[in-house]
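Asker: Need coordinates for the below:
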Amino acid sequence: MKENLKISLRDVGVRFDVSARHDSLKSTVLNVLRRKSDKPEKRIVHALKGVTLDIDHGERVGLIGLNGAGKSTILKVMAGIYPPTSGEAMINGHVSAMFELATGFEMTQTGWDNIRIRGMLLGLTPAEVEERIQQIGDFSELGEFLDYPVKTYSAGMFIRLAFSVSTAINPEILLLDEVMGAGDVQFANKAKRRMLEFMEQGKILVFSSHSLDMLKSFCERVIWLRKGEIVMDGPAERVLAEYENKAGQ
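Answerer: Numbers count the residues shown, from 1 in each chain. Here you go, the predicted model:
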């Protein structure tokens, strides 16, 4: 494990072109009716605006904000999924991310097969997967359901399987996006213990959630985002108290 794990964002901006597409029948008819002099509408969304932050070895950082605040976007920048359109993102450490639950799953394959597939997507060799597969299956507590195609799984079962694999690979940087909310209380407590064990090893956790209680439990530091910008960054208790007071304003 690297001793200098770090996430560093410098004046990071992310822009998306969400201009209306003209490939539907309705759009085609409207284009015919529109005056030739009219120019196609161009819309740019600034998902992140000039974000600068450092997250160091051993930190547990929460992200809070209303829908559209930029939480998912900033996590995907950290994961290398979205390149910044301005500024610079520097990530030192192996990243494991849990975002969309179905990502990396083959819906017609069994839970066991999907442990193998997801493990290799996360960087394990086939031999390493086989060495850990029973432990991963046991941790998920899915029992005989591991023999069934995952298309039969509930949202909570998806979370159990995804979390069990993602945290079994000993990632140096773990990024979570609202993935713990659908799990049952018993598994959530078990997952919390694993997260605490993970953090005791001095790694980095960045966790996005609307649940203030979960952020208080997992995180020592919280970053409050609004419309792609950092509103406040500091100790979890202080930031969450301020968020509760002012988020709706």
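Asker: got the contact list for the most centrally placed residue in the chain?
Answerer: Central residue of the chain (C-alpha atoms, centre = their mean): residue 177, 3.3 Å from the mean position. Contacts here follow C-beta atoms under 8 Å, 6 or more residues apart in numbering; on that basis residue 177 touches 71-72, 75, 97-99, 208. For every residue, glycine as well, the C-beta is placed using N, CA and C.
Asker: do residue 15 as well
Answerer: Counting by C-beta under 8 Å, 6+ apart, residue 15 has contacts 44-47, 85-86.
Asker: Equivalent analysis for residue 115, please.
Answerer: Contacts of residue 115 by C-beta under 8 Å, 6+ apart are 129, 133, 136-137, 146, 161, 164-165.
Asker: let's see 6 Å
Answerer: Contacts here follow C-beta atoms under 6 Å, 6 or more residues apart in numbering; on that basis residue 115 touches 133, 136, 165.
Asker: Let's see which of these end up in strands.
Answerer: Applying DSSP state E to the contacts of residue 115, no entry is found in strands.
Asker: Switch those over to a markdown table; also include pLDDT, neighbour count and distance to residue 193.
Answerer: Formatted as a markdown table, the contacts of residue 115 follow (pLDDT from 0 to 100; neighbours: other C-beta atoms under 10 Å; distance: C-beta to C-beta, whole Å):
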| residue | pLDDT | neighbour count | distance to residue 193 |
| --- | --- | --- | --- |
| 133 | 97 | 18 | 21 |
| 136 | 96 | 24 | 16 |
| 165 | 89 | 29 | 17 |
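Asker: What is the nearest of the residues you listed to residue 91?
Answerer: Checking these against residue 91 by C-beta to C-beta gives residue 165 as the nearest, at 21.0 Å.
Asker: need the helix or strand of the chain with the lowest average pLDDT.
Answerer: Lowest on mean pLDDT, DSSP states H and E among the helices and strands of the chain sits helix 25-33, with a mean of 58.
Asker: where exactly do the strands run in this protein?
Answerer: Using DSSP E, the strands of the chain run over residues 6-17, 44-56, 60-64, 86-92, 95-98, 173-177, 204-208, 221-226, 229-235.
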